[in-house]
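Asks: Provided below are the primary sequence and the corresponding predicted coordinates.
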Amino acid sequence: MKKLTAGVVLSGAVLLGTSMTTQQAIAADITLQFANWLPPFHHWTKTARRFSDSIEKQSGGKIKIVVTKNSPAKPPGQYDLAKNGIRDMVMGVSGYTPGRHQLFRMAEVPFAAKNAETGSPGLHKWYTKNGFDKKEFTGTKLISAFVHGPGMLHSKKEIKSLADIKGVKIRVGGGGVQIAKSLGGVPVAMSATKAHESLQRGTTDAAFFPYEAVKGFKLAKLVKNHLEIPGGLYTTAFYVAMSGKKWDGLPSWAKEAFNKAGGAAGAKLIGQGWDAADKAGKQAAQKAGNKIQTISASNQKAWAKALQSVKAGWIAKANKKGMNGEALLKDLLSMMKG
């Protein structure tokens, strides 16, 4: 009887131990919701999945990230989705919320990067080494900062010079407003998802975008001219951020997985996705029979001179915060160019 009792107690202990272990394993598995506001045919959907897969792999499969098919907020509201804990992770464009991430947006200066693969980790390293993420991403955790490839001019009519661009209505994101004005164009600010409709209706006659948008937003039939500018007229500062409350609640092993697969490594992976999309976008323009030109050296010099005020503006903003804006921008450009 004693043996039977001992056996029952032992079996119970084993079962209890097994149950506790199972419960602990279940508790260790983390599922996160990653909001996606771009259409499913846009390359970001696939790039976001690859980025998420790299984090899941780094965690040994203990983390699962669900990239949602839609977002409960429009593009400018992505940051607040994370800050308010409505979604665990978001991808956002800082230019859509002017004033929120001013130092982050220094990456928008003209001629900043030859491609997204080098520009993205360069931006992330520069931003975090200066501790700016702690100051500007309050209430959230910056996972990876990144940029798209060189921003170009896509237009209905052929544009090669400052005289050609004067008075042209140009679709721009947040950082493109001052650039378009400096070149003599008329900026029409809107999110990227509205560009197709604005070009179709004639609200705009041109757009600032990297090549990827030609395919990503189906612009090949709407704009028949593409002007390449080495280094880009601009780039856009993007981020993947997590709810601060969610981040604080993660166990150390999960944070380590994000730090290793995210950060500059994640930025590079995302950058590679943007560069591949740029290549596909250019091919779409070529397939449509569109005219592709590279700005002449003399015109680029004239455009660069016209855009000096944009660079000076970012330096002034940093100086106003008590920093050496010129030195900061020089360091940023050095890191983004690789």
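Replies: Looks like it arrived, so ask away. Residues are numbered from 1 along each chain as shown.
Asks: Now for Asp29: which residues touch it?
Replies: Asp29 makes contacts with 62-64, as judged by CB atoms under 8 Å, 6 or more residues apart in numbering. Bear in mind the C-beta positions are built from the backbone N, C-alpha and C, glycine included.
Asks: Can you flag the buried ones in those?
Replies: Ile63 (16 or more other CB atoms under 10 Å).
Asks: which one of the contacts of Asp29 sits closest to Gln272?
Replies: Gln272 lies nearest to Ile63 out of the contacts of Asp29, by CB to CB, at 21.6 Å.
Asks: partners of that closest one in the sheet?
Replies: Judged by DSSP bridges, the bridge partners of Ile63 are Ile30.
Asks: ok, it - contacts?
Replies: 29-32, 55-56, 254, 257.
Asks: now it: how far from Gly249?
Replies: 13 Å (CB to CB, to the nearest Å).
Asks: again with Pro110
Replies: When distance is defined by CB to CB, Pro110 is 41 Å away from Gly249.
Asks: For the two, work out which one has more neighbours and name it.
Replies: Pro110 (23 against 10; other CB atoms under 10 Å).
Asks: Could you tell me the per-residue confidence at Ser252?
Replies: pLDDT recorded at Ser252 is 97.
Asks: same thing with the one 4 residues further on?
Replies: With respect to pLDDT, Glu256 has a value of 98.
Asks: The one 5 residues further on now?
Replies: Each residue has a pLDDT score; the one for Ala261 is 98.
Asks: count of residues packed around it?
Replies: Count around Ala261 with other CB under 10 Å applied: 22.
Asks: so what's it up against?
Replies: 54-55, 57-58.
Asks: Quick one: the contacts of Asp29 as TSV, columns for distance to Leu38 too.
Replies: Conversion of the contacts of Asp29 to TSV gives the following (distance: CB to CB, whole Å):
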residue	distance to Leu38
Lys62	28
Ile63	23
Lys64	21
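Asks: so what strands line up beside the one helix or strand His154 maps to?
Replies: When elements are assigned from DSSP states H and E, His154 belongs to strand 152-155. When sheet partners are counted by DSSP bridges, strand 152-155 sits next to strand 206-209 (antiparallel), strand 225-228 (antiparallel).
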